[in-house]
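Q: Dropping the sequence and predicted coords here.
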Amino acid sequence: MRGRRAVRMFQVALFVFIVALIFAAGFGQAVLQLWNWLMPSVFGLHPITYWQALGLMGLCWILFGGPRWWRGGGPRWRYRMRERWEQMTPEEREKFRDGMRVGCGHFGSAAAEPKA
């Protein structure tokens, strides 16, 4: 029984590895072709190699995407925030809005200032 499980886990790991290789090869080539087609003519940048394209793709993944578990709970935060919002008093809500205005710029106040 234990041997079957180990074989199954190995098969799954091998499948994931092969899919990751195909993904890297395909998207790496796509990034390479798009970069070398657009960037030198539009911005005057140098063409890149396949390995630089893979590195660029990895860097973008880390900076802009990353693993799903880095994002802090997925869409559940909306439900938690709604529950917190419903439990706030009107004074607490206004204080929260004021804090958002300070940190995020103008944030939908009822008494909006007219544009001059």
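A: Done, it's in.
Q: since we're on A24, how many residues are nearby?
A: 13 (other Cβ atoms under 10 Å). (C-beta placed from N, C-alpha, C; glycine too.)
Q: which ones are touching it?
A: L54, M57 (Cβ atoms under 8 Å, 6 or more residues apart in numbering).
Q: swap the cut-off to 7 Å and go again
A: Counting by Cβ atoms under 7 Å, 6 or more residues apart in numbering, A24 makes contact with L54.
Q: next one: Q52
A: If a contact means Cβ under 7 Å, 6+ apart, then Q52 has no contacts.
Q: Would you mind listing where this protein has pLDDT under the threshold?
A: Along the chain, the model assigns pLDDT under 70 to residues 1, 67-74, 105-116.
Q: Just want the most central residue of it.
A: G65 (2.6 Å; Cα atoms, centre = their mean).
Q: ok, that residue to L59 distance?
A: Separation of G65 from L59 (Cβ to Cβ, to the nearest Å): 11 Å.
Q: If you count neighbours, what's buried in the helix or strand hosting G58?
A: Assigned by DSSP states H and E, G58 falls within helix 50-60. In terms of neighbour count (16 or more other Cβ atoms under 10 Å), helix 50-60 has its buried residues at A53, L54, M57.
Q: out of the residues you listed, which one sits closest to T89?
A: T89 has its nearest neighbour among those in M57, at 48.3 Å by Cβ to Cβ.
Q: The closest one - nearest residue in space that isn't next to it in sequence?
A: V31 (5.0 Å; Cβ to Cβ, 6 or more residues apart in numbering).
Q: how deep is that neighbour tucked in, by neighbour count?
A: 19.
Q: Tell me where the longest helix sits in the chain.
A: Of all the elements of type helix in the chain, the one with the most residues (DSSP state H) is helix 2-43.
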